[in-house]
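In: got a structure for you, letters missing:
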């Protein structure tokens, strides 16, 4: 029987995360193209200042088989800290085995997140039916419409 767990990412996980990130953008592209080096800048920002967010990985038998980017923000509407799941990817051969559900439970229980949260936030592309089914089953509801405006590239 395989051993699986979500854990906070380590420096040696960066190449695996970057590879899965590229797979995510090919499999489920969003409305805006994402430069390939963004993931390295994101992970570097998290390492410099962990209060900005953290990467977590799905470790199955010692192999990184999924990742998520978790971003904190305060919500006035929900009255507390929110954990935004900015990206979530699980390798295709490990989908539909409860790993997504396990990640949300680990965040709620404090295993992957350092403080209590008032709720979760995330975005999902309209055509990603499998992800939408998971999120609805977990109690997520569609609220409003997200709007994004990309400005000039920031210096890193």
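Out: Yep, it's here. Keep in mind that what you see is a predicted model, and the values were worked out from it rather than measured. Numbering: from 1, shown residues only.
In: Can you show me the helices along this structure?
Out: Along the chain, counting by DSSP state H, helices occupy 14-27, 38-48, 99-109, 129-137.
In: Measure how buried the residue nearest to residue 100 when sequence neighbours are not counted is and give me the count.
Out: Using CB to CB, 6 or more residues apart in numbering and skipping the chain neighbours, the partner closest in space to residue 100 is residue 134 (5.1 Å). Glycine gets a C-beta too; all of them are placed from N, C-alpha and C. Residues near residue 134, counting by other CB atoms under 10 Å, number 20.
In: same thing with residue 132?
Out: When neighbours are defined as other CB under 10 Å, residue 132 has 15 of them.
In: pLDDT at the closest residue in space to it that isn't next to it in sequence, what is it?
Out: In space, and not counting its chain neighbours, residue 132 is closest to residue 124: 5.6 Å by CB to CB, 6+ apart. For residue 124, the model assigns a pLDDT of 92.
In: So residue 124 sits against residue 135, correct?
Out: Yes. Under the criterion of CB atoms under 8 Å, residue 124 makes contact with residue 135 at 6.3 Å.
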